[in-house]
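>>> using only what follows, build the 3D model:
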Amino acid sequence: MIRLKVEYLSKERDAPPVWLWSSKTGAAPNDVDRCWQVYLRRFDLEHTFRFAKQTLGWTTPKLRTPEAADRWTWLLIVAHTQLRLARPLAADLRRPWEKPTASDRLTPARVRRGFRNIRAHLLCPARVPQPTGTGPGRPLGSKNRRPATRYDVGKTVKRPENLKAIGKPGRSW
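All right, here's what the predicted structure looks like:
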């Protein structure tokens with residue numbers, strides 16, 4: 001266990017200690033610095049995943065194939081990159097409880113809020129879509145004759161017979 005105490009915080013605040021765990025015994029100061037940096041990167045990654053899931057809708061569509069899930073993930077990566085690149089163009093449309101921020105420090109969520117104002121000033125290389133009627137689709141009241149293919153998510157369950165096959169003592173899970 002590594003106990004880190006922050007020496008200085010802004011606004012004369014006191015910070016509680018941060019506890020980090022490492023499997024390495026006898027950690028040198030360089031190892032402690034690396035643990036702290038890894039913790040900060042993990043914190044950044046968790047918030048990026050949260051943003052991708054909640055704000056950009058990463059897990060919203062019910063995708064049926066792994067290839068479709070890969071395409072959707074790459075589309076979200078492109079959208080996130082577009083929000084990062086549009087940062088200097090966006091106005092800070094903040095909520096009442098948020099503090100003002102310089103345009104080069106806006107988060108992707110705040111850029112997304114102001115994106116509608118950016119898009120109005122951009123050129124559109126495509127024509128306006130023409131309205132069409134409804135597609136053929138399945139007639140009302142008829143049943144689906146071809147159900148969607150289901151794919152295994154790869155989860156394995158440990159059962160006593162599996163553990164015996166491996167040579168480990170059986171447990172009741």
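
>>> what sits against the nearest residue to residue 73 once chain neighbours are set aside?
Leaving aside its chain neighbours, residue 73 sits nearest to residue 58 (7.2 Å; criterion: Cβ to Cβ, 6 or more residues apart in numbering). (C-beta placed from N, C-alpha, C; glycine too.) Residue 58 makes contact with 49, 52, 72-73, 76, according to Cβ atoms under 8 Å, 6 or more residues apart in numbering.

>>> kindly recompute the last result at 10 Å.
Counting by Cβ atoms under 10 Å, 6 or more residues apart in numbering, residue 58 touches 49-52, 69, 72-73, 75-77, 79-80.

>>> do the same with residue 35
Applying Cβ under 10 Å, 6+ apart, the residues near residue 35 are 2, 4, 18, 20-22, 24, 27.

>>> can you say which of those are buried?
Buried members of those, scored by 16 or more other Cβ atoms under 10 Å, are residue 2.

>>> farthest pair within the contacts of residue 35?
Within the contacts of residue 35, 18 and 24 form the most distant pair, 17.5 Å apart (Cβ to Cβ).

>>> I'd assumed residue 57 was in contact with residue 73.
No. Between residue 73 and residue 57 there is no contact, the gap being 11.7 Å when judged by Cβ atoms under 10 Å.

>>> how about the residue nearest the centre of the chain, nearest residue that isn't a chain neighbour?
For the chain, the residue nearest the mean C-alpha position is residue 49 (1.9 Å; Cα atoms, centre = their mean). Using Cβ to Cβ, 6+ apart and skipping the chain neighbours, the partner closest in space to residue 49 is residue 58 (7.9 Å).

>>> kindly report the same for residue 24.
residue 31 (6.2 Å).

>>> so for the longest helix seen in the chain, mean pLDDT?
Ranked by residue count and defined by DSSP state H, the top helix of the chain is helix 29-54. Helix 29-54 carries an average pLDDT of 80.

>>> show me what the helix or strand following that helix is packed against.
Using DSSP states H and E, the next helix or strand after helix 29-54 towards the C-terminus is helix 66-85. Applying 3 or more Cβ pairs under 10 Å, 6 or more residues apart in numbering; DSSP states H and E, one finds that helix 66-85 contacts helix 29-54, helix 108-119.

>>> repeat the analysis, applying 7 Å as the threshold.
Applying 3 or more Cβ pairs under 7 Å, 6 or more residues apart in numbering; DSSP states H and E, we find helix 66-85 packed against helix 108-119.
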